[in-house]
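1. What shape does this take:
(one chain, ligands or ions: 1)
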Amino acid sequence: MKSLEGKVTVITGGNSGIGKATAKLFASEGAQVIITGRRQDVLDRAAEEIGSGAIGVCGDVASYDFHQKLAADVRQWFGGIDVYVANAGIINLETSDTVTEAEYDKHFAVNTRGVFFGVQAIAPLIRNGGNIIVTSSLAATKVLPQHTVYAGSKAALAAFARNWAIEFKDRRIRVNILTPGPVQTEILGKLGVSDADLPGFEAHMASLIPAGRMGRPEELAEAALFLAAKGTFVNGVELMVDGGMSLA
Ligand code: NAP
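-> Got it, this is the predicted structure:
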């Protein structure tokens, strides 16, 4: 039997990168997948690529109302869910002296508030024995140049997740943190690094990783599958999937 047969899963930011690779793997393991993102056309293409009846829901995770509407829709369609992956995130590299108020607020609205109110809205729908995966970042614990605001916005997630693991214990809902190091996804084009400088940036990142290369979204998806389906006694952990970069 497939490891997620009959399970309903919701993955925010599931139209791209790590989220899309996770959605594909979950669907191939028998899950009903619901993905979210802000770009309808990209969502439609991703849902088609994922197959298995994947559903795309368009909206901004920074919006409290989006989470309420998503939860209401999912309740109506499926009654409940089994796995929630709070994965959507943004990053713009900048040193602290030039960060604007708007840029700061955007990072915390998407990366932090978006995760908190997403879990608040969807948690009542998670069936007993289900689980939540929160995507953080190596930057939350390792100092990397120009990552200060992003790092701060992600650092809160580990605290949220540990508290939720206790808050939801009576329903046997596990809550874990998936922590990627640098991974080859579309996010690399959104860092604020110019096209000309990007190859050098990527080569530098790879040189900092003991594995000698950046990660692939599929490698993060395998780790998410472990947390979602196989790691049934794993709760409240931070799983670093970073090629050993945290050690270097
Ligand atoms: P990606 O390919 O850029 O995917 C980001 C996803 O988040 C997209 O689906 C995007 O969809 C969605 N998203 C962004 N802002 C949103 C918003 N306001 N509302 C709803 N959806 C939003 O990046 P990725 O690398 O897969 O990143 C996935 C997660 O991993 C993020 O939380 C990121 O911080 C984390 N991470 C990535 C790396 C890395 O090196 N790739 C390293 C550490 C941590 P739309 O644009 O359509 O909204």
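2. So what's the residue count around residue 41?
-> A count of nearby residues for residue 41, using other C-beta atoms under 10 Å, gives 10. Heads up, the C-betas are built off the backbone N, CA and C, glycines and all.
3. Look up the pLDDT of it for me, please.
-> On the pLDDT scale, residue 41 is placed at 98.
4. Doesn't it lie inside a helix?
-> Yes: under DSSP: H, G, I helix; E, B strand; the rest coil, residue 41 sits within a helix.
5. going forward can the numbers begin at 786, since that is how I track them
-> OK, 786 is where the count begins now, so the last one is residue 826.
6. for this protein, what's the longest helix?
-> As assigned by DSSP state H, the longest helix anywhere in the chain is helix 933-952.
7. Contacts made by it with the rest, please.
-> Defining contact as C-beta atoms under 8 Å, 6 or more residues apart in numbering, one finds that helix 933-952 is touched by 871, 874, 876-881, 884, 888-889, 892-893, 895-897, 900-901, 904, 908, 917, 919-922, 924-926, 928-929, 958-962, 1020-1021, 1023.
8. Mind doing that once more with 6 Å?
-> Counting by C-beta atoms under 6 Å, 6 or more residues apart in numbering, helix 933-952 makes contact with 876, 881, 884, 889, 892-893, 896-897, 900, 919, 921-922, 924-925, 960, 962, 1020-1021, 1023, all of which sit outside it.
9. what's the next secondary structure element after that helix?
-> Using DSSP states H and E, the helix or strand that follows helix 933-952 towards the C-terminus is strand 959-965.
10. What mean pLDDT does that next one get?
-> Model confidence over strand 959-965 averages 98 on the pLDDT scale.
11. what packs against it?
-> Strand 959-965 is packed against strand 911-920, helix 933-952, helix 1002-1010, strand 1023-1026, with contacts defined by 3 or more C-beta pairs under 6 Å, 6 or more residues apart in numbering; DSSP states H and E.
12. Please identify the residues of this structure in proximity to the ligand?
-> Along the chain, the residues adjacent to the ligand under the rule C-beta under 6 Å from any ligand atom are 797-798, 800-804, 821-824, 827, 845-847, 872-876, 895, 920, 922-923, 965, 967-968, 970-972, 975.
13. which stretches of the chain form strands?
-> Along the chain, the segments classed as strands by DSSP state E run 793-796, 817-822, 840-843, 866-871, 911-920, 959-965, 1023-1026.
14. how about the second one: buried residues?
-> Put plainly, it is strand 817-822. By neighbour count, with 16 or more other C-beta atoms under 10 Å as the criterion, the buried positions of strand 817-822 are 817, 818, 819, 820, 821, 822.
15. Turn those residues into TSV, columns for pLDDT.
-> TSV is the format used below for these (pLDDT from 0 to 100):
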residue	pLDDT
817	98
818	98
819	98
820	98
821	98
822	98
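16. can you tell me which of these lies nearest to residue 985?
-> Looking at these and their distance to residue 985, the nearest is residue 822, at 29.2 Å (C-beta to C-beta).
17. and the closest one, how far is that from residue 943?
-> 24 Å (C-beta to C-beta, to the nearest Å).
18. Please name the residues that touch the residue most central in space within the chain.
-> For the chain, the residue whose C-alpha lies nearest the mean C-alpha position (C-alpha atoms, centre = their mean) is residue 872; its distance is 1.6 Å. The neighbours of residue 872, taking C-beta under 6 Å, 6+ apart as the test, are 796, 797, 798, 804, 920.
19. related to what we said a few turns ago, out of the contacts of helix 933-952, list just those in helices.
-> Using DSSP H, the members of the contacts of helix 933-952 that fall in helices are 889, 892, 900.
20. Of the residues you listed, which is the most crowded?
-> Result: residue 900 is most packed of the ones in helices among the contacts of helix 933-952 (other C-beta under 10 Å), 26 neighbours.
21. List the buried residues for the worst-scoring helix or strand of the chain on mean pLDDT?
-> Across the helices and strands of the chain, mean pLDDT, DSSP states H and E gives its lowest value to helix 983-992, namely a mean of 92. For helix 983-992, the buried set under the neighbour-count rule, 16+ other C-beta under 10 Å, comprises 987, 990, 991.
22. Alright, that wraps it up for me.
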